[in-house]
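>>> quick one, structure for this:
(2 chains)
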Number of protein chains: 2
Amino acid sequence: MINVEKAKEIILNSTQNFGVEEVPFLSSVGRIVKEDIIADRDFPPFNRVSMDGIAIDFKSFQNGQRTFVIEGIQPAGSLQITLQNKENCIEVMTGGVLPNNCNTVIRYEDVEINNGFARIITDNVRNTQNIHPKGKDKNQGDVLICQNKCISAAEIGVLATVGKSMVRVAKQPKVMIISTGDELVAVNQRPKAHQIRRSNVFTLVSLLERLQIPSETTHITDDKPILKSKIEGFLNEYDVLLFSGAVSKGKFDFLPEVFEELGVTKLFHKITQRPGKPFFYGKTETCNVFGFPGNPISTFVNCLVYFYPWYYNSVGLRVEEETAILTDNVIFKPNLSYFLQVKLSDKFGHLLATPITGNGSGDLASLVNADAFIVLPKEQNEFKKGENYPVIRYR
Amino acid sequence: MINVEKAKEIILNSTQNFGVEEVPFLSSVGRIVKEDIIADRDFPPFNRVSMDGIAIDFKSFQNGQRTFVIEGIQPAGSLQITLQNKENCIEVMTGGVLPNNCNTVIRYEDVEINNGFARIITDNVRNTQNIHPKGKDKNQGDVLICQNKCISAAEIGVLATVGKSMVRVAKQPKVMIISTGDELVAVNQRPKAHQIRRSNVFTLVSLLERLQIPSETTHITDDKPILKSKIEGFLNEYDVLLFSGAVSKGKFDFLPEVFEELGVTKLFHKITQRPGKPFFYGKTETCNVFGFPGNPISTFVNCLVYFYPWYYNSVGLRVEEETAILTDNVIFKPNLSYFLQVKLSDKFGHLLATPITGNGSGDLASLVNADAFIVLPKEQNEFKKGENYPVIRYR
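Below is the predicted model:
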């Protein structure tokens, strides 16, 4: 039996690099970029007009000129034109190139246009105004997105802008999720009195989907030879096996034995925590084996507390710890780390965590009313309203 | 020109119900459930053993008995068996049914088993311990998930448990995203000096994907008759049109005219905010038209500030406002609401917002370094470090 900190340390020291793949940029949301994304040109790539109006040479305005012959129009998306007579003006559109020989844009709101002439009706004109100068945001060669960033809608826009129609991202591990337990029946079956439906594997599928990891699921009956032969195949075929159940002390909890017989190196089994104590973690040279306890909340917590950081570390993503403030006193006597379900809320920029009382690790429905787990350390028994502790969100 | 509050009010008053559809439960993550999910039986459905060990009748223990003949085994997933002689015991496994005539479970750690006998080696045994009683978590008929909840991994487990292999969720609107602007070329094209690549439509696709809304994209050239005929078709075919560009004062900003000619009722055009001022919102009887300004950050902000709440309201989801605390003084003189990019961080449960300086609404790359927008009200010009304001996260 080891403590949570030690378990995490072991997990983080045994992460695995799954390599890199190229994917279409629009499919890369939620993936971890594995190349620096570079500006392929200056941004803006030209002196960009940032207001609809007229472009002039500021010197004319400075000399007192207010009325200008309109020489032409420079729409967005047209080749740059040139102001031939520096005492004239050109109509310009937002997003277009600033015409040659112009350096100042006056917006339509401050101009009267009549019969081919534009009259400026304000005295408040600054040299170079309403122009977004070439290279002001970024220069060609600048790094726009550093590698190891998780791609969101903001990054999608940048990838499009620099023409990265394909982008290199961390490859996802190949995952099999396995339920055990002869009491389990399929979701679309009607369970007999002593049976329940499979649910943990689907919870795990969803928790992995949040990380954009596709997964497969299967069920193996509580029969040691069958377990052994199936798991042997999976160990060769997958990067990660997630088990739910059969890791505790029961007569049919065959997994730890089977793992040993199949050459899975046990890195730990059992952690001083509640829920989720009998968690098993081990590995072969090519496969990582997470044996989650069969109780729904135990599986849920351990996936968030151990699999998630293991994955983040494997793909190179740095995730900041978040903390929240308890709204109620909590007493927890056992000498265990306590992952307590909480409902999060905001009050004046303070993140408040209100404990949600469940009925122990079997009470899956209690997760519906909470948003996160607050992590209460083993060394304390009393946790006071107003104190703050780490939280792990799941929605 | 109206203010942000009025614009939001108009948006929220013109939401639309898109109906309900049934989807496989594993595909329902991120969708809004449109039925109460009910417990189809008690949870647990039987008196559930919650520790591996032996089950006894507590009376025997109370009478001083410590050694018990093992009458049999009750594995998880087996029909309930009966303790024939109340002075004997039955080995029981976590998740299994408590045998008939038993009421107390002693875990293996507190028992010595030898030769068909189990000896209890602790005096610390409570009546009914290590049993999760039938119906303790929920009773048959209880509501486990109320309708209008957004489905996450936690709800997936509950849906599986109660056998909801298909679940009723809010139908998503059918959305077309349209870019305009002759300066735009495709992502995989090399732009000429006066051109840039399309990016806003893809940002919008990603922002909608966050809401599980699929969308299509297209580009229309800045030609009024072409715009008009294409948009006419889209108005009939889609629930929502999102435009990027062509809503400002430029000579080729045809959209407001085209909308009018096609019978789109303008609900507002232009909001006292930065960025994103020239935002247009209108509707026909069947279609909602969001005309976002063409600048990347304007489009991004307006999608978050207006489309998101419009969607939430349409599908019946209530989303709590979140606030954060400024880490720096901000001065913003214009009489406009200011959506300022911020990087969020946690300090002792306080959500801190650090302003990220961009170069105005064209500087898409600046979004990469931020996580959210902080909403600074129009009525103030100075915003002090330590004050808290609403924030809108985008990652």
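
>>> gap between the nearest residue to residue A:369 once chain neighbours are set aside and residue B:320?
In space, and not counting its chain neighbours, residue A:369 is closest to residue A:356: 5.2 Å by C-beta to C-beta, 6 or more residues apart in numbering or on different chains. Placement of C-beta: from N, CA and C, glycine included. Using C-beta to C-beta, to the nearest Å, we find residue A:356 at a distance of 16 Å from residue B:320.

>>> neighbour count winner among these two?
Comparing residue A:356 with residue B:320 by other C-beta atoms under 10 Å in any protein chain shown, the one with more neighbours is residue A:356, at 16 against 7.

>>> give me the neighbour count for the closest residue to residue A:139 other than its chain neighbours.
Leaving out its chain neighbours, the residue that sits closest to residue A:139 by C-beta to C-beta, 6+ apart is residue A:42, at 5.6 Å. Residue A:42: 17 surrounding residues under other C-beta under 10 Å.

>>> let me know the secondary structure of residue A:235.
helix (DSSP: H, G, I helix; E, B strand; the rest coil).

>>> so what pLDDT did it get?
Reported pLDDT at residue A:235 in the predicted model: 98.

>>> so how far is residue A:174 from the nearest residue to it once chain neighbours are set aside?
Nearest non-adjacent residue to residue A:235, counting by C-beta to C-beta, 6+ apart: residue A:287, 4.8 Å away. Distance of residue A:287 to residue A:174, computed by C-beta to C-beta: 10 Å.

>>> any idea how chain A splits into domains?
A:4-18+A:172-315, A:22-41+A:138-170, A:48-132, A:322-393 (automatic domain parsing).

>>> tabulate those (JSON lines), appending distance to residue B:219.
Output for those, formatted as JSON lines (distance: least, C-beta to C-beta, whole Å):
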{"stretch": "domain A:4-18+A:172-315", "distance to residue B:219": "28"}
{"stretch": "domain A:22-41+A:138-170", "distance to residue B:219": "13"}
{"stretch": "domain A:48-132", "distance to residue B:219": "12"}
{"stretch": "domain A:322-393", "distance to residue B:219": "38"}
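
>>> for residue A:340, which residues make a bridge with it?
residue A:374 (DSSP bridges).

>>> that one: neighbouring residues, count only.
23.

>>> about what we covered before: how about the residue nearest to residue A:369, what does it touch?
A:341, A:342, A:343, A:366, A:369, A:370 (C-beta atoms under 8 Å, 6 or more residues apart in numbering or on different chains).

>>> which ones among these map onto strands?
Residues of the contacts of residue A:356 located in strands (DSSP state E): A:341, A:342, A:343.

>>> not counting its neighbours along the chain, what's nearest the second one?
With C-beta to C-beta, 6+ apart as the measure, residue A:353 is the residue that lies nearest to residue A:342, at 3.9 Å, once sequence neighbours are left out.

>>> is that neighbour in a helix, a strand, or coil?
strand.

>>> just the ones in strands among the contacts of residue A:356 now: which is nearest chain B?
Nearest to chain B out of the ones in strands among the contacts of residue A:356 is residue A:341 (C-beta to the nearest C-beta; 9.5 Å).

>>> find me the pLDDT at the residue nearest to residue A:342, would you?
Residue A:353 is given a pLDDT of 98.

>>> likewise for the one 4 residues further on?
In the predicted model, residue A:357 carries a pLDDT score of 80.

>>> what does residue A:362 give?
62.

>>> circling back to that earlier point, the residue nearest to residue A:139 contacts residue A:135, doesn't it?
Yes - counting by C-beta atoms under 8 Å, residue A:135 is a contact partner of residue A:42 at 3.7 Å.

>>> show me which residues of the stretch 251-395 of chain A are close to chain B?
By C-beta under 8 Å from any C-beta of the partner chain, the residues of the stretch 251-395 of chain A that approach chain B are A:251-253, A:294-296, A:300, A:320-325, A:345-346, A:348-352, A:358-360, A:362-368, A:370, A:388, A:394-395.

>>> wait, residue A:311 touches residue A:212, no?
No - when contacts are counted by C-beta under 8 Å, residue A:311 is not listed as touching residue A:212 (10.2 Å).

>>> between the two, tell me which one has more neighbours.
Remark: of residue A:311 and residue A:212, residue A:311 carries more neighbours, 25 against 17, as counted by other C-beta under 10 Å.

>>> contact partners for that one?
A:173, A:211, A:213 are the contacts of residue A:311 under C-beta under 8 Å, 6+ apart.

>>> okay, these in CSV with secondary structure and distance to chain B next?
Converted to CSV, the contacts of residue A:311 look like this (DSSP: H, G, I helix; E, B strand; the rest coil; distance: C-beta to the nearest C-beta, whole Å):
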residue, secondary structure, distance to chain B
A:173, coil, 18
A:211, coil, 11
A:213, coil, 13
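
>>> how far does stretch A:53-67 sit from the chain's center?
How far stretch A:53-67 lies from its chain's middle: 50 Å, per C-alpha atoms, centre = their mean, to the nearest Å.

>>> cool, stretch A:156-173 as well?
Worked out by C-alpha atoms, centre = their mean, stretch A:156-173 lies 15 Å from the chain centre.

>>> which parts of that stretch are buried?
Buried residues in stretch A:156-173, counted by 16 or more other C-beta atoms under 10 Å in any protein chain shown: A:156-164, A:167-173.

>>> straight-line length of that stretch, end to end?
23 Å (C-alpha to C-alpha, to the nearest Å).

>>> ok, stretch A:237-249 next?
Span of stretch A:237-249 from end to end, C-alpha to C-alpha: 28 Å.

>>> got the buried residues for that stretch?
A:238, A:239, A:240, A:241, A:242, A:243, A:244, A:245, A:246, A:247, A:248, A:249.

>>> do stretch A:31-45 as well
Neighbour counts over stretch A:31-45 (16+ other C-beta under 10 Å) mark A:31, A:32, A:33, A:34, A:37, A:39, A:40, A:41, A:42, A:43, A:44, A:45 as buried.

>>> got TSV for those residues, with distance to residue A:145 too?
Written out in TSV, the entries for the buried residues of stretch A:31-45 read as follows (distance: C-beta to C-beta, whole Å):
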residue	distance to residue A:145
A:31	12
A:32	11
A:33	6
A:34	11
A:37	4
A:39	10
A:40	13
A:41	16
A:42	17
A:43	13
A:44	18
A:45	18
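
>>> ok, these vs residue B:66, which is closest?
Nearest to residue B:66, judged by C-beta to C-beta, of the buried residues of stretch A:31-45 is residue A:32 at 58.0 Å.

>>> rewinding a little: residue A:220: which of the contacts of residue A:311 is nearest?
residue A:173 (20.4 Å).

>>> any idea of the pLDDT on the nearest residue to the closest one once chain neighbours are set aside?
What sits nearest to residue A:173 in space, not counting adjacent residues and going by C-beta to C-beta, 6+ apart, is residue A:239, at 3.8 Å. Note on residue A:239: pLDDT of 97.
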